[in-house]
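Peer 1: fold the stuff below for me.
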Amino acid sequence: MISYLEKYKIHIIATLVIGLLAFNHKILFFGLDSDFFGILFSVILFIIGSRTTKIKINYLLIAIIIGFEFISYRLHTKSLHFLSLMLLICLVYYSITKRFSFIAFICILLFSSVFNKFFEHLTTEIKQQLCYVVFITLKNVIEIDKIEGVNFYIEGAKITIDTACMGLSMFKTGLLTGAILLTLEEKKEKKYFGIFPIILFSIALIVLNIISNYFRIVTLILLDCTQENALHHSVGLVCFTMYQVVPMLVLIRYFKPKITTETTTTKHLNIAPIGIALILVLITSVEMKKEQNLDLLVNLNPAYNLKNGKWVNSEVFKIIEEQKLIYIKTPIHKPLICWTGDGYRIFESKEITRNHETIWYNKMEKNKVIYDSYWWYECGNKKYNSFIEVMLMKLIYNQPIRLINEISIESKKPNRS
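Peer 2: As a prediction, this is how the structure comes out:
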């Protein structure tokens with residue numbers, strides 16, 4: 001029996017991994033739905049561009065999987081669980097072949113929905129600033145009535161620069177293109193890049209992405225082409241080629257791999273890390289199948305009259321009061337992300353102290369109406385002003401968390417004659 005397991009252990013491991021992936025088919029569809037081709041090409045690049053290494057990558061992967069699965073188990077975070085499944089595949093491949101690709105590994109991480117959320121948080125302020133720079137650039141070239149957040153008003157028409165126009169897809173495409181260039185350079189030189197040159201090249205890609213998006217927005221506004229059509233996509237493709245691909249082809253000439261191919265004499269397949277990873281992922285997979293009870297209204301401040309409220313959906317409860325709306329919802333991202341996308345101009349955002357507790361205050365304007373917004377996160381009847389901090393509290397104490405947003409109308413701007 002032992003000799004049989006030893007002889008067919010690779011086949012057994014492959015069968016267990018495939019079975020685990022099938023058990024998590026909904027998680028796989030969730031993860032692939034965001035960037036199917038990006039993740040697919042990253043995995044292919046991982047196999048093609050991997051190199052023999054003496055570094056004990058399996059310990060690093062196990063440590064990351066333990067962290068991701070612990071968070072996924074406590075918070076039911078699908079994106080992190082999906083990443084754990086991808087890392088499990090990388091771990092099995094490395095354990096069998098002793099080959100690994102750091103370039104493709106970074107691509108797998110950045111093509112995940114975890115990075116999508118990070119990108120949304122990161123670009124909220126950048127998006128407004130970039131649109132304002134475009135407004136300053138074009139205000140003396142064409143007649144722009146006004147700008148509100150990420151919305152331009154030109155001759156009565158509203159032009160919205162959403163997250164897609166901020167180049168999340170373009171950034172990821174540029175990242176994948178850069179990874180392919182680095183891999184081809186490694187194949188040509190028969191040497192490999194270290195971590196530092198890869199990070200430096202990635203930083204250069206981020207700068208090129210911002211420049212590319214700037215010229216893309218300027219061009220689309222000048223051509224009055226904000227609708228999804230052939231010209232719109234052509235402008236994006238041209239800007240991507242001119243301001244990302246061409247500069248990358250120039251930069252790659254100054255990035256040369258210097259690490260020679262390592263040889264390893266270890267042929268023994270260490271199944272312990274794989275076994276640990278399989279058990280961890282299986283336990284989390286079973287937990288992810290359970291329906292999550294959000295408990296948004298548990299231990300809510302009695303000052304809120306729930307009789308005046310209604311469920312917008314399973315994650316949002318709205319209370320309607322005179323001149324005030326109160327939203328109680330699952331914390332996903334900062335309210336600023338939704339407001340800027342809906343055309344609100346946020347001209348004041350700060351932390352304030354109310355009833356000896358620190359919360360967020362935002363003053364914003366839309367259609368000549370000024371709104372005051374007070375919002376915070378809650379966990380165990382304690383207010384928090386940091387998304388990371390409140391998620392950490394839930395991670396540690398496993399208590400329900402919520403975001404409360406109180407919005408009221410401050411005043412209306414008088415019409416100018």
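Peer 1: end to end on stretch 187-206, go ahead and measure it.
Peer 2: Here the two ends of stretch 187-206 are set 24 Å apart, with distance taken as Cα to Cα, to the nearest Å.
Peer 1: which stretches in the stretch 1-150 of the chain count as strands?
Peer 2: Listed in chain order, the strands found in the stretch 1-150 of the chain under DSSP state E, counting those that start in this stretch are 51-52, 99-100, 146-148.
Peer 1: could you single out the most deeply buried of the ones you listed?
Peer 2: With neighbours taken as mean count of other Cβ atoms under 10 Å, the strands of the stretch 1-150 of the chain reach their highest mean count in strand 99-100, at a mean of 19. Using the backbone N, CA and C atoms, a C-beta is placed for each residue, glycine as well.
Peer 1: I370 and I10: what is the separation?
Peer 2: Counting by Cβ to Cβ, to the nearest Å, the gap between I370 and I10 amounts to 66 Å.
Peer 1: before we move on, back to that, any chance of the strands of the stretch 1-150 of the chain in TSV, plus mean pLDDT?
Peer 2: Listed next are the strands of the stretch 1-150 of the chain as TSV, based on pLDDT from 0 to 100:
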stretch	mean pLDDT
strand 51-52	82
strand 99-100	86
strand 146-148	71
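Peer 1: what's the longest helix in this protein?
Peer 2: Secondary structure of the chain per DSSP state H: the longest helix is helix 195-222.
Peer 1: check which residues of the next helix or strand after it are buried.
Peer 2: Elements were assigned by DSSP states H and E; along the chain past helix 195-222, the next helix or strand is helix 230-240. Using 16 or more other Cβ atoms under 10 Å as the burial criterion, the residues of helix 230-240 that qualify are H232, V235, G236, C239, F240.
Peer 1: and the angle from helix 230-240 to helix 195-222?
Peer 2: For helix 230-240 against helix 195-222, the angle between stretch directions is 140 degrees (axes from the mean of the first three to the mean of the last three Cα atoms, to 10 degrees).
Peer 1: counting contacts, what elements does helix 230-240 pack onto?
Peer 2: With contacts defined as 3 or more Cβ pairs under 8 Å, 6 or more residues apart in numbering; DSSP states H and E, helix 230-240 has these neighbours: helix 168-189, helix 195-222.
Peer 1: state the distance from the nearest residue to K187 once chain neighbours are set aside to S95.
Peer 2: Spatial nearest neighbour of K187, excluding adjacent residues (Cβ to Cβ, 6 or more residues apart in numbering): G49 at 7.7 Å. In this structure, G49 and S95 are 18 Å apart, going by Cβ to Cβ.
Peer 1: one more: E143?
Peer 2: Spatial separation of E143 from S95 under the definition Cβ to Cβ is 63 Å.
Peer 1: which one's more surrounded, the two?
Peer 2: In this view E143 and S95 are compared by other Cβ atoms under 10 Å, and S95 has more residues nearby, 20 against 9.
Peer 1: pretty sure that one contacts A272?
Peer 2: No: counting by Cβ atoms under 8 Å, S95 does not reach A272; the two are 9.6 Å apart.
Peer 1: next, count neighbours for the residue lying closest to K146 once chain neighbours are set aside.
Peer 2: Closest residue in space to K146, ignoring its immediate chain neighbours: Y153 at 5.0 Å, by Cβ to Cβ, 6+ apart. With neighbours defined by other Cβ under 10 Å, the count for Y153 comes to 14.
Peer 1: tell me the contacts of Y153?
Peer 2: Under the criterion of Cβ atoms under 8 Å, 6 or more residues apart in numbering, the neighbours of Y153 are I144, D145, K146, I147, I159.
Peer 1: now it: how far from I259?
Peer 2: For Y153, the distance to I259 equals 54 Å [Cβ to Cβ].
Peer 1: same thing with I136?
Peer 2: Going from I136 to I259 by Cβ to Cβ gives 45 Å.
Peer 1: please apply the same query to A303.
Peer 2: Distance from A303 to I259, counting by Cβ to Cβ: 63 Å.
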